[in-house]
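Colleague: model this:
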Amino acid sequence: MTLTRRLLFVLVALGLVAAACGGGTDEPAAITGDPGVTDPTGDRAQPATVVDIAVSSPDHTTLVAAVTEAGLVDTLAGDGPFTVFAPTDEAFAAALDALGITAEELLASEDLAGILTYHVVPGNVLAAEVIGLDGQMVETVNGDTIEITITDDGGVMVDGANVVATDLTADNGVVHVLDAVILPG
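Modeller: Numbers count the residues shown, from 1 in each chain. I've put the predicted structure just below:
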């Protein structure tokens, strides 16, 4: 895939994020724990998919671009249920810096889908259940396992990344926000 085409995908993804975020409050929905959208009657409605949660968050544009590039949008918008551990843009920036690669190189990586599915666990695992998994290895969608640990102060870590927001629910699963990108093996 050419650099121009990859950039077009990123721009389309960013445009979707901008459109999803336009006209709302200044608070990013996926970070505040209130990812619902207001329907025309003024009632709060739950997002249909875990993808909708990511798209509605201005803090997950890199994740949205990566999911789009890897061809995982339809999968993660499917029936599920899925539990997604979603790194923020800041987490991706730190990972790119640590790995010495650019966002374009990440999006072009043959391992992109594997990295992304390493952040997904089958099922609908809410925070209360995650806490019950302390010290356990949990299988991800890509077949590798992640380690869940509870810190001394009661925080949750997934493969060393801190969970900074929990239980952002959708019809097809739940999203927990991470402060770092986790990598398989």
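Colleague: going forward, measure contacts and count neighbours with C-alpha atoms only.
Modeller: Will do.
Colleague: what's near enough to touch the residue positioned nearest the centre of the chain?
Modeller: Most central in the chain under Cα atoms, centre = their mean is A86, positioned 2.6 Å from the mean C-alpha point. Residues in contact with A86 (Cα atoms under 8 Å, 6 or more residues apart in numbering) are 54, 60, 63, 119, 175-178.
Colleague: let's see it at 7 Å
Modeller: The contact partners of A86, taken as Cα atoms under 7 Å, 6 or more residues apart in numbering, are 119, 175-178.
Colleague: so it: helix, strand or coil?
Modeller: strand (DSSP: H, G, I helix; E, B strand; the rest coil).
Colleague: for it, give the beta-bridge partners.
Modeller: Beta bridges link A86 to V177 when assigned by DSSP bridges.
Colleague: quick one: neighbours of the closest residue to A48 other than its chain neighbours, just the number.
Modeller: Nearest non-adjacent residue to A48, counting by Cα to Cα, 6 or more residues apart in numbering: D171, 4.9 Å away. When neighbours are defined as other Cα atoms under 10 Å, D171 has 17 of them.
Colleague: in this structure D171 contacts I53, no?
Modeller: No: between D171 and I53 there is no contact under Cα atoms under 7 Å: 10.6 Å.
Colleague: roughly how far is the strand ranked longest in the chain from the heart of the chain?
Modeller: Counting residues, the longest strand found in the chain (DSSP state E) is strand 161-170. When distances are taken as Cα atoms, centre = their mean, to the nearest Å, strand 161-170 is centred 9 Å away from the chain's centroid.
Colleague: now do stretch 73-84
Modeller: Worked out by Cα atoms, centre = their mean, stretch 73-84 lies 11 Å from the chain centre.
Colleague: show me which residues of it are buried.
Modeller: Buried residues in stretch 73-84, counted by 16 or more other Cα atoms under 10 Å: 73, 76-78, 80-84.
Colleague: and for stretch 87-97?
Modeller: Those buried within stretch 87-97 under the rule 16+ other Cα under 10 Å are 87-93, 95-96.
Colleague: still on that earlier bit, which ones among the buried residues of stretch 73-84 are found in strands?
Modeller: 82-84.
Colleague: format these as CSV; extra columns: distance to G143 and pLDDT.
Modeller: Below are these laid out as CSV (distance: Cα to Cα, whole Å; pLDDT from 0 to 100):
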residue, distance to G143, pLDDT
F82, 14, 95
T83, 14, 96
V84, 15, 96
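Colleague: number of residues surrounding the residue nearest to P87 when sequence neighbours are not counted?
Modeller: Counting by Cα to Cα, 6+ apart, the nearest residue to P87 once its immediate chain neighbours are dropped is L178, at 4.5 Å. Using other Cα under 10 Å, L178 is surrounded by 25 other residues.
Colleague: picking that back up, could you dump the buried residues of stretch 87-97 to JSON lines with pLDDT and distance to A165?
Modeller: JSON lines is the format used below for those (pLDDT from 0 to 100; distance: Cα to Cα, whole Å):
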{"residue": "P87", "pLDDT": "97", "distance to A165": "11"}
{"residue": "T88", "pLDDT": "96", "distance to A165": "11"}
{"residue": "D89", "pLDDT": "96", "distance to A165": "14"}
{"residue": "E90", "pLDDT": "97", "distance to A165": "14"}
{"residue": "A91", "pLDDT": "96", "distance to A165": "14"}
{"residue": "F92", "pLDDT": "95", "distance to A165": "16"}
{"residue": "A93", "pLDDT": "96", "distance to A165": "19"}
{"residue": "A95", "pLDDT": "95", "distance to A165": "19"}
{"residue": "L96", "pLDDT": "95", "distance to A165": "22"}
